[in-house]
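> Fold the following for me, if possible:
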Amino acid sequence: MQRQGALKRQKERARQEKAREKETNRAERRKDKPVRSDGVPGEDPDIAGIVPGPQPVPDEDVDPTV
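Down below sits the predicted model:
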């Protein structure tokens, strides 16, 4: 019966160690993440720099035989 308790403690220690490693990796990734500039206030960063109106035809859609 004691074997089960020891096994449970061993699993718990391994789980805690893995959680510590994951937290260390997360902190490292957060530290290494590049800092983004805020950009222009009031401008949506997803559509910044897009020009309204007709868009140029991509080269891959042009048929060279025409």
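
> secondary structure class for Pro34?
Remark: Pro34 carries the secondary structure label coil [criterion: DSSP: H, G, I helix; E, B strand; the rest coil].

> Relative to Lys31, how far out is Gly42?
Applying CB to CB, to the nearest Å, the value for Gly42 to Lys31 is 30 Å. In this view, the C-beta of every residue, glycine as well, is placed from N, C-alpha and C.

> Show me the shaky parts of the chain.
Within the chain, the set of residues satisfying pLDDT under 70 comprises 1, 61-66.

> any chance you could map the helices in it?
For the chain, the helices identified by DSSP state H occupy 2-32, in order along the chain.

> Tell me how far stretch 22-37 lies from the chain's centre.
The offset between the C-alpha centroid of stretch 22-37 and the centroid of the whole chain comes to 10 Å, using CA atoms, centre = their mean, to the nearest Å.

> Now for Arg26, how many residues are close by?
Here the neighbour count serves as a burial measure; for Arg26 (other CB atoms under 10 Å) it reads 10.

> And for the one 5 residues further on?
The burial count assigned to Lys31 is 7, neighbours taken as other CB under 10 Å.

> check contacts around it.
With contact taken as CB atoms under 8 Å, 6 or more residues apart in numbering, Lys31 is in contact with no other residue.

> From Asn25, how far out is it?
Look at Lys31 and Asn25: by CB to CB, they are 11 Å apart.

> again, but for Glu60
The value you get for Glu60 to Asn25, if CB to CB is used, is 40 Å.

> Ok, Gly42 next?
Using CB to CB, we find Gly42 at a distance of 37 Å from Asn25.

> repeat for Arg3
33 Å.

> Likewise for Glu17?
13 Å.

> Also Asp59?
42 Å.

> So between the two, which is more surrounded?
Asn25 (10 against 7).

> Please tell me how far the more buried one sits from Arg13.
Asn25 sits 19 Å away from Arg13, taking CB to CB as the criterion.
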